[in-house]
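S.K.: Below: sequence and its predicted model.
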Amino acid sequence: MATKVLVVDDEKFIVKGIKFSLEQDGMEVDAAYDGEEAFTMIQETNYDIIILDVMLPKLDGIQVCQQVREFSSVPILMLTAKGEDMDKILGLEYGADDYMTKPFNILELKARIKAILRRYRQHAEKESNVLEFRDLKIDYDSRRVFVSGNEANLTAKEFDLLELLSKNVGKVYSREKLLDVVWGYDYPGDVRTVDVHVRRLREKIEPNPGDPLYIHTKWGVGYYFKG
């Protein structure tokens, strides 16, 4: 999917130059020419990064940045013609991720954009250890499960079973394999233990345990998760 960028500057020739250069790199670029227009567009569209001039009509860049940070963590790179330290400090203090002083080299701007996006995506991947499937939400770090916003109280083994299946969507596990992985190879019980836990797990997370959405049976083989 192409990177979606919003460029905000009241100097149209600057917007045109940035837009052309970024589109050459395969990015999708929208443009806004004042702070109010930009803020409305940010509310309505999911951008990957915003290039935001400080000096704008109606709402200045600092105000836009501050308001955006009330509901979004989208990366913001500020542009300023002044180059004054106070502008840079204010921009970063109100949530900007980086800044550049005009005039700038377009190659440096593109390098900054790529660096910001790389950091942001790496951080998002590290932070997001939560998976959502329809009405089911699994937080692997806290080992908590929610169904339609309500927490389901799973036992340790029920969660271990759900974690294994949900992290391997579509992969069929035999009862013997599940017993080996979840309970351990030296567990003295038999495969009926797996069936009991699957039944209890379905009762806790499935809207209709008799016709499951998530944990399916592969007859004669075992179980698998369908997201």
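M.R.: Happy to help now that I have it. Just so you know, these numbers come straight off a predicted model, no measurement behind them.

S.K.: if you average pLDDT over the host helix or strand of L162, what comes out?
M.R.: Using DSSP states H and E, L162 sits within helix 156-166. Averaged over helix 156-166, pLDDT sits at 93.

S.K.: same for it, what does it pack against?
M.R.: Applying 3 or more Cβ pairs under 8 Å, 6 or more residues apart in numbering; DSSP states H and E, we find helix 156-166 packed against strand 136-139, helix 192-205, strand 222-225. Quick note: C-beta positions are derived from backbone N, CA and C, even for glycine.

S.K.: As CSV, could you dump the C-alpha coordinates of it?
M.R.: Taking Å, rounded to 0.1, in the frame of the first residue of the first chain, the C-alpha atoms of helix 156-166 are listed here in CSV:
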residue,chain,number,x,y,z
ALA,A,156,-3.7,-20.1,32.1
LYS,A,157,-4.0,-23.1,29.8
GLU,A,158,-7.0,-21.8,28.0
PHE,A,159,-5.0,-18.6,27.2
ASP,A,160,-2.0,-20.7,26.1
LEU,A,161,-4.2,-22.7,23.8
LEU,A,162,-5.8,-19.6,22.3
GLU,A,163,-2.4,-17.9,21.9
LEU,A,164,-0.9,-20.8,20.0
LEU,A,165,-3.9,-21.2,17.7
SER,A,166,-4.5,-17.4,17.1
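
S.K.: What residues of it count as buried?
M.R.: Within helix 156-166, the residues that count as buried by 16 or more other Cβ atoms under 10 Å are 158-166.

S.K.: tell me the mean pLDDT for the helix or strand following it?
M.R.: Once helix 156-166 ends, the next helix or strand along the chain (criterion: DSSP H and E) is strand 173-174. For strand 173-174, mean pLDDT is 94.

S.K.: what do you get for stretch 194-213?
M.R.: Computed over stretch 194-213, the mean pLDDT rounds to 94.

S.K.: got a list of contacts for the helix holding L162?
M.R.: Contact with helix 156-166 is made by 131, 133, 138, 140, 143, 145, 154, 171, 173, 178, 181-183, 194, 197-198, 200-201, 204-205, 214-215, 223-225, 227, as judged by Cβ atoms under 8 Å, 6 or more residues apart in numbering.

S.K.: how about JSON lines for the helices and strands packed on helix 156-166, with distance to I76 and mean neighbour count added?
M.R.: JSON lines is the format used below for the helices and strands packed on helix 156-166 (distance: least, Cβ to Cβ, whole Å; neighbours: other Cβ atoms under 10 Å):
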{"stretch": "strand 136-139", "distance to I76": "28", "mean neighbour count": "18"}
{"stretch": "helix 192-205", "distance to I76": "38", "mean neighbour count": "17"}
{"stretch": "strand 222-225", "distance to I76": "38", "mean neighbour count": "20"}
